[in-house]
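Student: task: produce atomic coordinates for the following.
(one chain, ligands or ions: 2)
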Amino acid sequence: MSNKIAVLPGDGIGQEITEQAARVLTALGLELELEWAPVGGAAYDLHGHPLPETTLNLAKSSAAVLFGAVGDWKYDSLARELRPEQAILGLRKAMGLFANLRPAILYPQLANASSLKPEVVSGLDILIVRELTGDIYFGQPRGVQTLSDGPFAGDRQGFDTMHYAETEVRRIAHVAFQAAQQRQKKLCSVDKANVLETSQFWRDIMIEVAKEYPDVSLSHMYVDNAAMQLVRAPKEFDVIVTGNLFGDILSDEAAMLTGSIGMLPSASLNASNQGLYEPSHGSAPDIAGQNKANPLATILSAAMLLRYSLNQGAQADRIERAVQQVLEQGLRTPDIHEANTQLVGTQEMGDAVIQALN
Ligand code: IPM
Ligand code: MG
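Tutor: Ligands and ions are numbered 1, 2, ... in the order given. Predicted coordinates for the structure are as follows:
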């Protein structure tokens, strides 16, 4: 297995947060080969495309990708295929990164950061397993057409297509059941089977796959109810598995339960454990370049990278312990700052984690 890591900082705060995560990786003293390339709006500015061929080839030939964030309002008027978001969608598709793992963990040191009552969220530890390369995100046909009949004949109509192939559902089901086996052995599959054919099919396959995992208890929930239960009693969940669109929405909701989206990493894996690792938050162009961004989600993403793509679980633990330690020390970037803690910048937070590694 190669030790090459593609570092794709992207836009906004992407630059400064990946820089800190790369410093942490380097400080471990492993034989890692870090190679940088532009992506998103930054790549569009340089090469006229958000995912240039050279960046894509670098990503594909690496053991893992460390990704910052993409997007900036200044690219909003570009054609869809040139917008920064297409870079991340393109990487997911081209690398076959179908399994997206998004943990939502409430750090005890940050218990007051949540907008929910402490007793509702204290000890929260949920894992969302989101299918990432199918569903309405990639379904064809899609576009805008002029209607030839029906009540809106002559009107233009925008449309997308939701579908899931059996293989797509089965492989994400296996990832989710196996993740649940490593945790509390509770898996909740979220769908909209009361309305959508795609969802009923999804549910049927989940029930079939469940037979291979008798030690995991499988439940099902409609997505609207799941959105509600996540804020009512989030600790009832252990692992949630869901499709691409519902997973996009629920994972933001779950992240916010912790009140500190700046702390949450994510992993997107393909069948051979090649992966892309990125913070759950966006590019925050409003605070870019001001040494204000929280690098911890990206640093924790680097830990996931070591664990899942480089088989270096002990090194991942080392990073996670170091992050716990800087929180213990009371160091806080502005997004998680509260009374009686020490306000630090992006760079200082990175320094502190590196110091705590040893
Ligand atoms: C995410 C993001 C992306 C998505 C966007 C940037 C295309 O919201 O990773 O959740 O919708 O998947
Ligand atoms: Mg999203």
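
Student: going by C-alpha atoms from here, please, whenever you check contacts or count neighbours.
Tutor: Noted.

Student: tell me which stretches of the stretch 151-300 of the chain form helices.
Tutor: Counting by DSSP state H, counting those that start in this stretch, the stretch 151-300 of the chain has helices at residues 166-181, 197-210, 223-232, 244-257, 296-308.

Student: which secondary structure elements does the last one contact?
Tutor: Spelled out, that is helix 296-308. helix 14-27, strand 64-69, strand 265-269, strand 275-279, helix 313-328 (3 or more C-alpha pairs under 8 Å, 6 or more residues apart in numbering; DSSP states H and E).

Student: try 6 Å this time
Tutor: strand 265-269, strand 275-279, helix 313-328 (3 or more C-alpha pairs under 6 Å, 6 or more residues apart in numbering; DSSP states H and E).

Student: ok, which of the helices of the stretch 151-300 of the chain comes nearest Gly41?
Tutor: For the helices of the stretch 151-300 of the chain, proximity to Gly41 was assessed by C-alpha to C-alpha; helix 296-308 is nearest, at 19.2 Å.

Student: what's the distance between that closest one and the middle of its chain?
Tutor: For helix 296-308, the gap between its own C-alpha mean and the chain's C-alpha mean amounts to 11 Å (C-alpha atoms, centre = their mean, to the nearest Å).

Student: tell me which helix or strand of this structure sits lowest on mean pLDDT?
Tutor: The weakest-scoring helix or strand in the chain, judged by mean pLDDT, DSSP states H and E, is helix 118-121 (a mean of 91).

Student: pull up the pairing partners for whatever helix or strand comes next after it, direction included.
Tutor: Following helix 118-121 in sequence order, the next helix or strand is strand 125-131 (DSSP states H and E). Partner strands for strand 125-131, per DSSP bridges, with pairing direction: strand 99-105 (antiparallel), strand 239-242 (parallel).

Student: most tightly surrounded among these?
Tutor: Ranked by mean neighbour count under mean count of other C-alpha atoms under 10 Å, those are led by strand 239-242, which reaches a mean of 28.

Student: what pLDDT, on average, does that one get?
Tutor: In this model, strand 239-242 has a mean pLDDT of 98.

Student: what of stretch 347-358?
Tutor: For stretch 347-358, mean pLDDT rounds to 97.

Student: give me the phi and psi for Val39.
Tutor: Dihedral pair for Val39: phi -150, psi 160, per degrees, to the nearest 10.

Student: nearest residue to it in space, please, no chain neighbours.
Tutor: Of all residues not flanking Val39 in the chain, Gly10 sits nearest, at 4.8 Å (C-alpha to C-alpha, 6 or more residues apart in numbering).

Student: which residues sit in contact with the one you found?
Tutor: Residues near Gly10 by C-alpha atoms under 6 Å, 6 or more residues apart in numbering: 39-40, 42, 68-70.

Student: how about the residue sitting nearest the centre point of the chain: what's its closest non-neighbour residue?
Tutor: Of all residues in the chain, the one closest to the mean position by C-alpha atoms, centre = their mean is Ser266, 3.8 Å from it. Closest residue to Ser266 apart from its sequence neighbours, by C-alpha to C-alpha, 6+ apart: Arg102 at 4.8 Å.
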